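J.: Provided below for reference: sequence and predicted model.
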Amino acid sequence: MEQRIERLLKWLKKSDEFYLSPNVGVIESEGSGRGVVLKNGNLRKHDVIVSVPSHYQLNYYTILWNISLFNSELKIDGVTVNENEKEKYSKMLQDDDPRFQIYSSLDQTFLLSLTSFQIFEIYIMVEWILLPLWSEGRSESFWQRFFDVWPSEEELSSIPAIWSCSPSSKDKNLLPFLPSASCVLLEKKIKLIDHDWALIHPWLASCVEKFCQQGQKTLPQDELYQKFLQVYFIINSRCLYSKVLLRKGDEESQFTMVPFVDFLNHTEEINEHCYPKVGRTPKAQTNMGPFSLKCGERGYNRIGDEILLNYGPHSNDFLLNEYGFVLERNQWNYIDISEDIQAMLEGNSAMISFLKHHDYWGDYTINHSEISYRVIVVFSLFVTKDYKRMDKFLSGFISEDYFWPKIEDTLRQFLTSLCDKIRDRVEKLEDMRAESYDFSAQNVVALYMGYMDIIEHHLDRL
């Protein structure tokens, strides 16, 4: 990997606009994979750590620009190749480059109907997976040095959607152990994957068939899908927010992928370690400018300290489903106890009707700092069965101080029972880990340990 990183930096340094602080370097560790550390000197607040110019970022604009090199029918002002660029770059392209055939089949109307994510999927599947196969090494993607440092299928195997979607996943047995918050996130992710695969697979399949008829090597459909899953989660785990002016109103398309920046690991602390700065280039209204990372409030003075980036205020359930990792301690953790509360109320149609009528059915959560108001409402109704006072409570005429002494014991029993249930799950997971050490099982255990921390904190306060 060290040589791949050196080649990546050599490629980036071909641009005079690329900057990397001489005080930082990349390391690889067993626990967190690749990361960026302070290797000498120091970093102070607002110091630039890295800055990557727009043409070295993989985004909606650079993809359309690169596709237009091979498809002259694409004409989008300020985005696709202009006449001067076409003359310059056409001399560098080989006539037998398979991308002339592949990209010429992409209609402009179809391309502009896609989200950024879907265009990424198509482009990366071609440039990274299919081009080396069909060009037999004669053509290489501009982005190859970036592709070379992307994670392998094995490195992405700790993501729950991989367990569910990949026939070859060894972690399918962990799916029944996922807590409800993770299951909700997993179901949403699977729907997105299925939708995108249904959209782009017919086009990919037609390309495969065309080149197969020409005697070229091909990929079996199951292997093509495996590569698609890998590409999907590389995009999903490495996209960074940046406005795409052509996609106004389409929030899911507002992102870019930036070499080197994706080496930085996540921290729960917001803006303490470093923060992004996205520029705009004056050359074209639609074009993105440089993407920079600057040092945050804390600064860096100790050699070997890891430079971290906050991906957002995310719980461990979210981090596991989006990125395949969890934090040992995470202030953004919460427990979704909706299933347990709904089971507690099963058969009590009057209470369920009351809660539904007042829009208090479901979405019951607890985090480290508080037991949500919705939970207090449910337990107040369940314990007192006093519908008249509950109406006044929900209207703001009675405070929760009236109900709290009445529900404390029942709430304590509920949390104690929930804690026991979680311990049982952890024990079963630990037994699975004992049979063969499994990073994915370790992550699921960490989810539950985070839950235990929240519950025990509230039991101590009751």
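T.: Cool, the structure landed. Numbers count the residues shown, from 1 in each chain.
J.: what about residue 229, distance to residue 223?
T.: Separation of residue 229 from residue 223 (Cβ to Cβ, to the nearest Å): 11 Å. Every residue, glycine included, has its C-beta placed from N, CA and C.
J.: quick one, which of the two is more surrounded?
T.: residue 229 (19 against 11; other Cβ atoms under 10 Å).
J.: Off-centre distance for the helix or strand encompassing that one?
T.: Secondary structure assigned from DSSP states H and E places residue 229 in helix 221-238. Computed by Cα atoms, centre = their mean, to the nearest Å, the chain-centroid distance of helix 221-238 equals 13 Å.
J.: Repeat that for stretch 186-195.
T.: Mean C-alpha position of stretch 186-195 versus that of the full chain (Cα atoms, centre = their mean) differs by 13 Å.
J.: C-alpha coordinates for it, CSV please?
T.: Extracted in CSV, the C-alpha atoms of stretch 186-195 (Å, rounded to 0.1, in the frame of the first residue of the first chain):
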residue,chain,number,x,y,z
LEU,A,186,-30.3,-1.4,6.6
GLU,A,187,-33.7,-1.7,5.0
LYS,A,188,-33.4,1.9,3.6
LYS,A,189,-29.9,1.1,2.2
ILE,A,190,-31.0,-2.1,0.5
LYS,A,191,-33.8,-0.3,-1.2
LEU,A,192,-31.4,2.3,-2.6
ILE,A,193,-29.0,-0.4,-3.8
ASP,A,194,-31.8,-2.4,-5.4
HIS,A,195,-33.1,0.7,-7.1
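J.: what's in contact with that stretch?
T.: 160, 161, 164, 165, 178, 229, 232, 321, 322 (Cβ atoms under 8 Å, 6 or more residues apart in numbering).
J.: redo that, cut-off 6 Å
T.: Residues outside stretch 186-195 that contact it (Cβ atoms under 6 Å, 6 or more residues apart in numbering) are 160, 161, 164, 321.
J.: can you tell me which residues contact the third one?
T.: Just to be clear, that refers to residue 164. Residues in contact with residue 164, defined by Cβ under 6 Å, 6+ apart, are residue 190.
J.: in a helix, that's where it is, yeah?
T.: Yes. Applying DSSP: H, G, I helix; E, B strand; the rest coil, one finds residue 164 inside a helix.
J.: Check the gap between it and residue 442 for me.
T.: Distance from residue 164 to residue 442, by Cβ to Cβ: 19 Å.
J.: ok, now the second one?
T.: Residue 161 sits 18 Å away from residue 442, going by Cβ to Cβ.
J.: who has more neighbours, those two?
T.: Neighbour count, other Cβ under 10 Å: between residue 161 and residue 442, residue 161 has more, with 24 against 14.
J.: can you tell me which residues contact the more buried one?
T.: 189, 190.
J.: where does it land in three-state SS?
T.: helix.
J.: Okay, and the residue with the largest distance to the centre of the chain sits in which element?
T.: Within the chain, residue 388 marks the point farthest from the mean C-alpha position, 46.0 Å out by Cα atoms, centre = their mean. Using DSSP H and E, residue 388 sits in helix 387-395.
J.: quick one: buried residues of that helix?
T.: Across helix 387-395, burial judged by 16 or more other Cβ atoms under 10 Å covers 389, 390, 393, 394.
J.: who's in contact with that helix?
T.: Contacts for helix 387-395 (Cβ under 6 Å, 6+ apart): 358, 381, 398.
J.: Quick check: the second one is in a helix.
T.: Looking back up the chat, that one is residue 381. Yes. Residue 381: assigned to a helix according to three-state DSSP.
J.: tell me the contacts of it?
T.: 351, 390.
J.: again, but for the last one
T.: By Cβ under 6 Å, 6+ apart, the contact list for residue 398 reads 389, 392.
J.: Specify the local secondary structure of it.
T.: coil.
J.: Give the burial count for residue 378, as a bare number.
T.: For residue 378, using other Cβ under 10 Å, the count is 25.
J.: Now for it: which residues touch it?
T.: With Cβ under 6 Å, 6+ apart, residue 378 has these contacts: residue 341.
J.: switch to 10 Å and redo it
T.: 337-338, 341-342, 344-345, 351, 355, 360-362, 364, 372, 407, 411 (Cβ atoms under 10 Å, 6 or more residues apart in numbering).
J.: ok, now how distant is it from residue 411?
T.: From residue 378 to residue 411 the distance is 10 Å (Cβ to Cβ).
J.: Am I right that residue 276 falls within a strand?
T.: Yes. Assigned with three-state DSSP, residue 276 falls within a strand.
J.: Apart from its neighbours in sequence, what residue is nearest it?
T.: Spatial nearest neighbour of residue 276, chain neighbours left out: residue 293 (5.8 Å); criterion: Cβ to Cβ, 6 or more residues apart in numbering.
J.: The one you found is in contact with residue 52, isn't it?
T.: Yes. Contact criterion Cβ atoms under 10 Å: residue 293 and residue 52 qualify, at 9.1 Å.
J.: Overlap of the contact sets of the two?
T.: What both residue 293 and residue 52 touch, as defined by Cβ under 10 Å, 6+ apart, is the set 258, 260, 261.
J.: Cool, thanks, talk later.
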